[in-house]
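[1] any chance you could fold what I've pasted below:
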Amino acid sequence: MKKVQAKILAGAAVAAFVFLAAGLAVRKYLQTREAAWERLAIAQSLAYQGQDVLALNQIRSLEAGFGKAPAVGFGLLFSGDVLYQKGKYAEASELYKKVLDRGEPRSLMPFALSDLALSQEAGGNCNEAVSTTQRFLDSYQDHFLAPQVHASLARCLDALGQKDKAKAAYERMGLLYPETYWSRWAQARQDNTIHHNMGPKKT
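    Down below sits the predicted model:
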């Protein structure tokens with residue numbers, strides 16, 4: 001009987017230790033997440049005050065110190081947006097790619113893809129932008145950013161001289177987003193392309 005009681009007590013002690021260890025691990029995890037979000041908030045505050053360099057340094061520190069914390073992904077996306085606004089499209093693209101490579105948080109993936117496409121387009125890399133926009137549309141065709149990505153695709157096809165594909169992209173926007181700003185925008189772009197291709201009229 002005493003041996004049974006001893007085993008029960010030993011088992012209870014082990015269970016209590018495991019429970020305590022698990023509780024401490026969860027607490028540390030939550031504290032780490034909270035610290036990461038605080039670091040991101042500081043970076044955003046610095047950026048809004050016009051202190052971009054300090055803000056970007058803060059994000060680098062966040063990435064180095066907090067590994068896979070969700071706040072890191074948001075921080076990288078935010079850094080990309082800061083650089084995009086400064087016209088540093090190549091550097092912004094690299095940060096958006098980092099977000100995509102991480103794959104987490106999943107909710108950021110369409111934003112990173114959309115931002116990457118726009119930064120590639122703005123940087124004059126329309127071949128890459130076409131590939132990125134297609135990747136977005138294959139995965140997130142119903143996302144609220146899809147019209148913006150469609151527009152980037154159409155502009156890039158136009159810029160690359162792929163007029164038939166550009167025309168098809170404009171027409172598709174009209175079908176997908178009828179009676180919206182985007183359908184009117186696509187029609188205006190298409191009309192402008194047609195008139196441009198016709199050349200000046202003789203009088």
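
[2] burial count for Val72?
    Neighbour count of Val72, defined by other C-beta atoms under 10 Å: 24. In this view, the C-beta of every residue, glycine as well, is placed from N, C-alpha and C.

[3] ok, then the element right after the helix-or-strand element of the chain with minimal mean pLDDT?
    For the chain, using mean pLDDT, DSSP states H and E, the weakest element among its helices and strands is helix 2-48, scoring a mean of 61. Remark: after helix 2-48, the chain's next helix or strand is helix 52-66, criterion DSSP states H and E.

[4] that following helix packs against which elements?
    Contact analysis of helix 52-66 by 3 or more C-beta pairs under 8 Å, 6 or more residues apart in numbering; DSSP states H and E lists helix 2-48, helix 70-85 as its packing neighbours.

[5] recalculate using a threshold of 10 Å.
    Applying 3 or more C-beta pairs under 10 Å, 6 or more residues apart in numbering; DSSP states H and E, one finds that helix 52-66 contacts helix 2-48, helix 70-85, helix 89-102.

[6] what mean pLDDT does the second one get?
    Looking at helix 70-85 alone, the average pLDDT works out to 95.

[7] gap between it and the chain center?
    The chain centre lies 8 Å from the centre of helix 70-85; the measure is C-alpha atoms, centre = their mean, to the nearest Å.

[8] list the buried residues of that helix.
    70-84 (16 or more other C-beta atoms under 10 Å).

[9] tell me which other helices or strands that helix touches.
    helix 2-48, helix 52-66, helix 89-102, helix 109-122.

[10] separation between Gly124 and Leu160?
    Distance, Gly124 to Leu160, using C-beta to C-beta, to the nearest Å: 11 Å.

[11] can you list the domains in the protein?
    Listed by automatic domain parsing, the domain ranges of the chain are 30-86, 93-203.

[12] residue contacts, the nearest residue to Tyr96 once chain neighbours are set aside?
    Excluding the flanking residues, the one nearest Tyr96 by C-beta to C-beta, 6 or more residues apart in numbering is Leu116, at 4.0 Å. Residues counted as contacts of Leu116 (C-beta atoms under 10 Å, 6 or more residues apart in numbering) are 80, 92-97, 99-100, 128-129, 132-133, 135-136.
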